[in-house]
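**Q** 3D, please:
(chains A, B and C)
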Amino acid sequence: MNALLDLKQVAAAYGASRVIAGLDLAVADGGITALLGANGAGKTTILRAICNMRVRVTGELSFSGLSIAGWQTEDIVRLGIGHVPDGRGTFVHLTVAENLALGAYTRRDRAEVAADLDRVYGYFPRLKERVAQQAGTLSGGEQQMLAIARALMLRPRLLLLDEPSFGLAPLVVQEIFRILRRVNADDGVAILLVEQNANLALELAHDVYLLETGRVVMHGPAARIAADESVRRAYLGY
Amino acid sequence: MDAFLHQLLSGLANGGIYASLALALVMIFQATHHINFAQGEQAMFSAYVALTLIQAGLSYWAAFVIALGFAFVSGLAIERILIRRFDGAPVLSVVVVFLGLWFVINSVAGWLFTYNVQAFPTPFPDQLGSRFLSAHEIGMIAMTLMTLALVFVFFRFTPLGLAMRAAAQNPEASRLVGIRVGWMLALGWGLAGAVGAVAAIMAAPIVYIEPNMMAGILLYGFAAALLGGINNPWGAVIGGLLVGIIENIAGAYVVGTELKLSVALVIIVVVLVTRPAGLFGYPVVTRV
Amino acid sequence: MAAAMHTSKYAAPARARWRTAAMVLLLLAAALVPLVVSSFHLLQLTMVVNYAIALLGLNILTGYNGQISLGHGAFYAIGAYATAILLERTGIPYWATIAIAGAICLLVGFLFGLPALRLEGHYLALSTFALAVATPQLLKFRGVEKWTGGVQGTIVPSFAAPFGLPLAWDQWLYLFSLAIAVVLFVVARNLLRGATGTAIIAIRDHPVAAASMGIDVAMVKSLTFGVSAMYTGIAGALSALVTQFVSPDSFSFLLSLSFLVGSVIGGAASISGAVFGALFIEFVPNFADQISKAATAAVYGLFMIGFMVLMPSGVAGFLALVAARVRAWWR
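**A** Next up, the predicted model:
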């Protein structure tokens, strides 16, 4: 399958401190790729590097065959990448409806946007109940749903998720991951997932990268990684 | 009682001007966390553009619209060409840049249009006047209300207005939905410029047009914005109306016109000492 | 930026010796100036010295303590009027009036600083701006006309150089101001390098951390305001002697704005910045006037913007950067 997102020899630094070096990473069109690793391994930095946020990036980055190196964040995103950052990036002073409307800001196809809005409320009925509520007053789980919903309103080809399970109750997390699987299966949206919860990630993903201090130490199909002894001991706890 | 009512209503009319300027200041502040000290001068220059067009033979309202267009474009240009260079610069440096801009615009206006005090026409016919308010004062209130209403509708109900609000509140998240934050800032400046121009054109018939006409008004607008809470547009409007009333009452009943500026400011400072975030502002809670 | 400015007392001894030598040479040159320049230029240079003192006061408050003031012209005015009134109505010698003016401003500044503590950033800017705007109006106020001379102002007498020195009054005044400036600069430098200075700077950079380390933030901030006002008040008192005349309109809010501009352009978080700033506000307006009579202020404004584009941390900051680069290249 052709790579939708292709990173070759990518390095990223905050000022003078290099966090990632020599990174080769690919996400298949319609595939689900997981980035695993301990805190500080550089997983969030990779997502930021893809969108050219806050880090200095060098190397080759291409999306759907188009080189996006050096592009502004807002232009990269307009190619069809929905990024749900750590901290969720919700517009806390705006309402749920306004947040979702902003997700579709760059789209011109009004009828399709309306259809997507219905679909998104279908995935997350709780959001529909809170349509006029200020996003900052939503619970953690609801804000996460809102963040994902907003990214989906872009009708992205690739979804970047930074620790979607962080700080959420297990039932909510299950719900979210179920939706992610559905979105991938029904709409062919590719997913690049950063997760600390290795179990969840291995269940969902097709392809897995294991990161340690800014470098890939293992890469392969999820089943193989999950079966690996050292991975099980280090990341799965048994 | 009659006189008091007149002072009150007249204060409200002036307050509308202060409210417009305060709103312009808050709009830029919300997006950039900077006070545009040159806002008054931009407004004054736009008023001169209107006057020049009227003197050249255009109708009042045609000149008005063109002057507003000029204010919008020049505000946008100033942001794109000059202000964006200071993104991330120390606050005081940016203050000096704004003050420099004040001097430049003021001086160029004096050079182009002379420092002579000139009369400025009012489009509101005398019949509109009542016992308490002159025709122009009534027109001023109407114009202010209309401007504020349009601004409100724009920000609340249009996609562009929503994008601008988002860009002001959370630039990073805005980029993630594809908003071109830089241009949103420029648009904000353009709009603020236009709103300020309305204030100047409405004030000119009363204070007469000359290059220094807006200094006092800017100060009141600044005070009004802070009184209302610098991060609250509604507060800016209410603050402006209050300042207008306070100024008039203080001038008429307390100290006379010489000291009324000082008295008004003192009152505002006292309020701020008791409510540091302004009447309607929210104290910004930051993590230590 | 501030760290580069605030030279540690543990700086290399060799560097310190070069610096002191350079300072002494500069001072000698400055002291000899009255012998070679015209009366008019001497007046300008005396004003530069006064402004440097005033700006140092502002730098202590704004650059080092992080409290903004758009109203320091008020303290300058208080200092000037204190000297004028004391000289007219009492027999107190002129040099004593300078000290009294300083003391008055210290008190007033401290008292102003106490409630102003609760205000931050733009709110404090507005309050101090209110002070700046109110000052000329209060000075013109009929109620105190007896003392202040009202709109017309008051004349300040001149005297003779002391100890029978063969100097004209303006020459002596220049040296007198210079001497006071040196003393005040040394005091400021020692203050800012010591424990108090650390407390002052800590409050600017991280008030919460400063408080949790036991610094009495309120007291330090108010005292800093007082000291800052005192410096500017002394400068004002000296200026009254120089111009031999005080009137309300010389102390408009434009003066306060000039001080702020001078402080930032010179480099607000530095001591040498006060000198650069003083040079700017004394000479650039005249220079601008020479460039264009019709749009003097525009040229001045362009200078202001230009300086900020090229040197956002002020002249002192820029020079420190250059010095660091040169030192790095030298190695």
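
**Q** who does the helix of greatest length in chain A touch, helix- and strand-wise?
**A** Longest helix in chain A by number of residues (criterion: DSSP state H): helix A:170-187. Using 3 or more Cβ pairs under 8 Å, 6 or more residues apart in numbering or on different chains; DSSP states H and E, the elements in contact with helix A:170-187 are helix A:110-123, helix A:140-152, strand A:158-162, strand A:190-194, helix A:198-204. The way it works is simple: take the backbone N, C-alpha and C, and place the C-beta from them, glycine included.

**Q** name the residues of that helix that are buried.
**A** By neighbour count on 16 or more other Cβ atoms under 10 Å in any protein chain shown, the buried set for helix A:170-187 is A:172-173, A:175-177, A:179-180, A:183-184.

**Q** of the helices and strands packed on helix A:170-187, which is nearest chain C?
**A** Closest of these to chain C is helix A:140-152, at 26.7 Å (criterion: Cβ to the nearest Cβ).

**Q** do the closest one and chain B meet?
**A** Yes. Contact of helix A:140-152 with chain B (Cβ under 8 Å from any Cβ of the partner chain) involves A:Arg150.

**Q** so for that helix, what gets flagged as buried?
**A** Buried, per 16+ other Cβ under 10 Å, within helix A:140-152: A:141-152.

**Q** any chance of TSV for the residues you listed, columns pLDDT?
**A** Shown next, in TSV, are the buried residues of helix A:140-152 (pLDDT from 0 to 100):
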residue	pLDDT
A:Gly141	89
A:Glu142	92
A:Gln143	93
A:Gln144	93
A:Met145	93
A:Leu146	95
A:Ala147	95
A:Ile148	95
A:Ala149	95
A:Arg150	96
A:Ala151	96
A:Leu152	95
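
**Q** tell me which of the residues you listed is nearest to C:Phe141?
**A** Nearest to C:Phe141 among the buried residues of helix A:140-152, counting by Cβ to Cβ, is A:Gln143 at 57.8 Å.

**Q** quick one: that closest one and A:Arg88 touch, right?
**A** Yes. Between A:Gln143 and A:Arg88 there is a contact under Cβ atoms under 8 Å: 5.4 Å.

**Q** what sits against C:Thr128?
**A** Taking Cβ atoms under 8 Å, 6 or more residues apart in numbering or on different chains as the criterion, C:Thr128 is in contact with C:68-72, C:116, C:256.

**Q** can I get these in CSV with pLDDT, secondary structure and distance to chain A?
**A** As requested, the contacts of C:Thr128 are exported to CSV (pLDDT from 0 to 100; DSSP: H, G, I helix; E, B strand; the rest coil; distance: Cβ to the nearest Cβ, whole Å):
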residue, pLDDT, secondary structure, distance to chain A
C:Ile68, 87, coil, 27
C:Ser69, 90, coil, 32
C:Leu70, 89, coil, 30
C:Gly71, 90, coil, 34
C:His72, 94, helix, 37
C:Ala116, 77, helix, 30
C:Ser256, 92, helix, 36
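
**Q** quick one: is the helix or strand of chain B with the lowest mean pLDDT near chain C?
**A** When the helices and strands of chain B are scored by mean pLDDT, DSSP states H and E, helix B:260-274 comes last with a mean of 75. Yes. Using Cβ under 8 Å from any Cβ, helix B:260-274 reaches chain C at B:261-262, B:265-266, B:268-269, B:272-273.

**Q** okay, that helix in PDB with CA atoms only?
**A** Provided in PDB are the C-alpha atoms of helix B:260-274 (Å, rounded to 0.1, in the frame of the first residue of the first chain):
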ATOM      1  CA  LYS B 260     -12.600  67.000  35.000                       C
ATOM      2  CA  LEU B 261     -10.100  64.900  33.200                       C
ATOM      3  CA  SER B 262      -8.100  64.300  36.400                       C
ATOM      4  CA  VAL B 263     -11.200  63.600  38.400                       C
ATOM      5  CA  ALA B 264     -12.500  61.100  36.000                       C
ATOM      6  CA  LEU B 265      -9.200  59.300  36.000                       C
ATOM      7  CA  VAL B 266      -8.900  59.300  39.700                       C
ATOM      8  CA  ILE B 267     -12.400  57.800  40.000                       C
ATOM      9  CA  ILE B 268     -11.400  55.100  37.600                       C
ATOM     10  CA  VAL B 269      -8.100  54.400  39.400                       C
ATOM     11  CA  VAL B 270     -10.000  54.100  42.600                       C
ATOM     12  CA  VAL B 271     -12.300  51.500  41.000                       C
ATOM     13  CA  LEU B 272      -9.400  49.600  39.700                       C
ATOM     14  CA  VAL B 273      -7.700  49.500  43.100                       C
ATOM     15  CA  THR B 274     -10.800  47.900  44.600                       C
END
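
**Q** fine, thanks again, bye for now.
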